[in-house]
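> Give the three-dimensional model of this entry:
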Amino acid sequence: MKYSKKLIGDKSYLAPVRAEDADKYFEWLNDLEVSVNLRTYSQQIPFEIEKEYLEKFAKNQTNDYLFGIISKETDTLIGNCALMNPDFINRNAELGIFVGDKNYWGKGIGTESITLLLDFGFNVLNLHNIWLSFYDFNTKSKRIYEKCGFKILGRRREAKIIGNLKFDIVYMDILAEEYKSVYIKNLLHI
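Residues are numbered from 1 along each chain as shown. This is a model prediction of the structure:
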């Protein structure tokens with residue numbers, strides 16, 4: 001079954017998640033090299049729990065906006081991104097992303113997916129502020145976030161401990177007026 005193209009970039013597109021992809025998510029979320037940058041890195045994610053989670057999203061039973069990141073070249077799932085816990089009164093949400101397929105690391109997929117998701121958040125959901133957090137050892141993600149227009153707003157010092165190492169959790173955000181729409185303007189031909 002092919003994926004439904006919701007937001008289309010040059011290298012990838014965002015599509016609604018499918019429960020039948022639970023096996024890939026199960027593999028990625030239990031791979032420490034992939035999950036070390038995620039909140040779930042210390043958890044063992046059972047297959048059935050991941051499948052139930054994806055089924056809820058596929059049936060639109062959550063408030064979050066979760067998309068699969070799909071390679072345009074191969075039409076295969078390579079990761080996901082989301083706008084989580086949207087607050088439509090104060091017009092903000094948290095952004096989360098990961099590219100699980102290591103063959104696509106360092107190829108600009110994360111930057112493109114974030115750009116598509118920001119366009120969706122600001123221009124479709126009418127959000128004003130989108131924020132995210134990451135561990136300060138994840139310098140690659142920091143560069144991507146800065147490239148997409150995010151600015152550091154603060155940090156929780158030594159809030160993450162791995163072994164004897166202590167890391168800060170860094171918070172960044174971007175406002176609607178700081179983002180320059182690409183996708184929606186092209187879609188509307190303006």
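
> C81 should be in a strand, yeah?
Yes: assessed by DSSP: H, G, I helix; E, B strand; the rest coil, C81 belongs to a strand.

> Surely it touches I69?
Yes: if you go by Cβ atoms under 8 Å, C81 and I69 touch, sitting 6.0 Å apart. The C-beta positions use only the backbone N, C-alpha and C, and glycine is treated the same way.

> overlap in contacts of those two?
Common neighbours of C81 and I69, using Cβ atoms under 8 Å, 6 or more residues apart in numbering, are 14, 97, 113.

> what's near enough to touch the closest residue to the first one other than its chain neighbours?
Right, L14. Counting by Cβ to Cβ, 6 or more residues apart in numbering, L14 lies nearest to F67, which is 3.8 Å off, once chain neighbours are set aside. Going by Cβ under 8 Å, 6+ apart, F67 touches 6-7, 14-17, 80-82, 117.

> Could you do V36 as well?
By Cβ under 8 Å, 6+ apart, the contact list for V36 reads I162.

> Now do it against F137, distance only.
9 Å (Cβ to Cβ, to the nearest Å).

> And for L38?
Plainly put, L38 is 13 Å away from F137 if you go by Cβ to Cβ.

> ok so, going back, and the shared contacts of C81 and I69, which of them are in strands?
When DSSP state E defines the strands, the subset of the shared contacts of C81 and I69 inside them is 14, 97.

> Kindly reformat the shared contacts of C81 and I69 as a markdown table containing neighbour count.
Formatted as a markdown table, those follow (neighbours: other Cβ atoms under 10 Å):
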| residue | neighbour count |
| --- | --- |
| L14 | 28 |
| I97 | 23 |
| S113 | 29 |
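
> pLDDT weak spots in the protein?
Within the chain, the ranges that satisfy pLDDT under 70 run 1, 39-43, 45-47, 61, 184-190.

> show me where it has helices.
Ranges of helices in the chain, per DSSP state H, are 22-29, 32-35, 47-58, 109-119, 139-147, 183-187.

> Which stretch among the ones you listed is buried most, on average?
Of all the helices of the chain, helix 109-119 has the most neighbours on average by mean count of other Cβ atoms under 10 Å, namely a mean of 23.

> so what secondary structure elements neighbour it?
If you count contacts as 3 or more Cβ pairs under 8 Å, 6 or more residues apart in numbering; DSSP states H and E, helix 109-119 packs onto strand 7-8, strand 12-16, strand 65-71, strand 77-87, strand 92-99, helix 139-147, helix 183-187.

> let's see it at 10 Å
The contact analysis (3 or more Cβ pairs under 10 Å, 6 or more residues apart in numbering; DSSP states H and E) places helix 109-119 against strand 7-8, strand 12-16, strand 65-71, strand 77-87, strand 92-99, strand 129-135, helix 139-147, helix 183-187.
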